[in-house]
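**Q** Have a look; sequence and predicted model below, questions after that.
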Amino acid sequence: MEEKEVKEQPAQQAEKAKTKKKDNNLQKKIDELSDKLSREHDDYLRLMAEFDTYRRRTAEEKLSLVSSAAADTIKGLLPVLDDCESALKILEGSSDAAAREGTLLIYNKLMEYLKTRGLTVIEAKGQKFDTDYHEALTQVPAPSEDLKGTVIDVFQTGYMLNGKILRYAKVIVGA
């Protein structure tokens, strides 16, 4: 009977070694699959982050394109505003009240529409000269000491569109 037990021990040991080898192989496969799953998950997260960035960037580009198109259109209308301002200055001394009122009506309607689109006038006359908003065409002797460095006259009105300079005000500065 002891012989039988002795024979079974090597068989059991061989079986245990075989099982241990299978367990090691299975553990290796589990580790490999776990690594592969974590790499795939990482790749998925990166792809989602890239897509989110792409989506945000394209939305910003669309918005920029629309605002750029609006800026170009409004910039094209600025000479019309200039012409209306010139006509109003000429008609100030005129006896033709109907022409003055008609021109003023057209100018006001156009300005109101453009203001709803974000256009604002850069106030210049009487303001301190500021290179962020004004472009000096010339300097003239200031009539008084307090007018030095101040905008004496506006040659061309400046405009901002949604807080960005669309056209600098062309001014004459007191020196």
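**A** Structure received.
**Q** where's Lys36, which helix or strand?
**A** In the assignment (DSSP states H and E), Lys36 maps to helix 2-92.
**Q** which strands and helices sit next to that helix?
**A** helix 97-116, strand 158-161, strand 164-167 (3 or more CB pairs under 8 Å, 6 or more residues apart in numbering; DSSP states H and E). Yep, even glycine has a C-beta here, placed from its N, CA and C like the rest.
**Q** Now tell me which helix or strand of this structure has the poorest mean pLDDT.
**A** Lowest on mean pLDDT, DSSP states H and E among the helices and strands of the chain sits helix 2-92, with a mean of 86.
**Q** what's the angle from that one to helix 97-116?
**A** Relative orientation of helix 2-92 and helix 97-116, computed by axes from the mean of the first three to the mean of the last three CA atoms, to 10 degrees: 170 degrees.
**Q** How far does helix 2-92 sit from its chain's centre?
**A** Centroid displacement of helix 2-92 relative to its chain, using CA atoms, centre = their mean, to the nearest Å, is 24 Å.
**Q** contacting residues around the closest residue to Gly149 other than its chain neighbours?
**A** Distance criterion CB to CB, 6 or more residues apart in numbering; nearest residue to Gly149, sequence neighbours excluded, is Phe129 at 5.5 Å. By CB atoms under 8 Å, 6 or more residues apart in numbering, the residues touching Phe129 are 136, 149-151, 171, 173.
**Q** Burial check on Ala124, number of neighbours?
**A** 26 (other CB atoms under 10 Å).
**Q** Assumed it was part of a strand.
**A** No: remark: Ala124 does not belong to a strand; assigned using DSSP: H, G, I helix; E, B strand; the rest coil, it is coil.
**Q** How about it: what's its closest non-neighbour residue?
**A** Ala169 (4.2 Å).
**Q** distance of the one you found from Lys125?
**A** From Ala169 across to Lys125, the span is 9 Å (CB to CB, to the nearest Å).
**Q** what sits in contact with each of those two?
**A** With CB under 8 Å, 6+ apart as the test, Ala169 and Lys125 both reach 151, 154.
**Q** who has more neighbours, the two?
**A** With neighbours defined as other CB under 10 Å, Ala169 and Lys125 compare such that Ala169 has more, 24 against 13.
**Q** Tell me who's in contact with that one.
**A** So Ala169 contacts 122, 124, 133-135, 151, 154, 156-158 (CB under 8 Å, 6+ apart).
**Q** of all the residues you listed, which comes closest to Asn25?
**A** Ranked by distance to Asn25 (CB to CB), those are led by Tyr133 at 76.7 Å.
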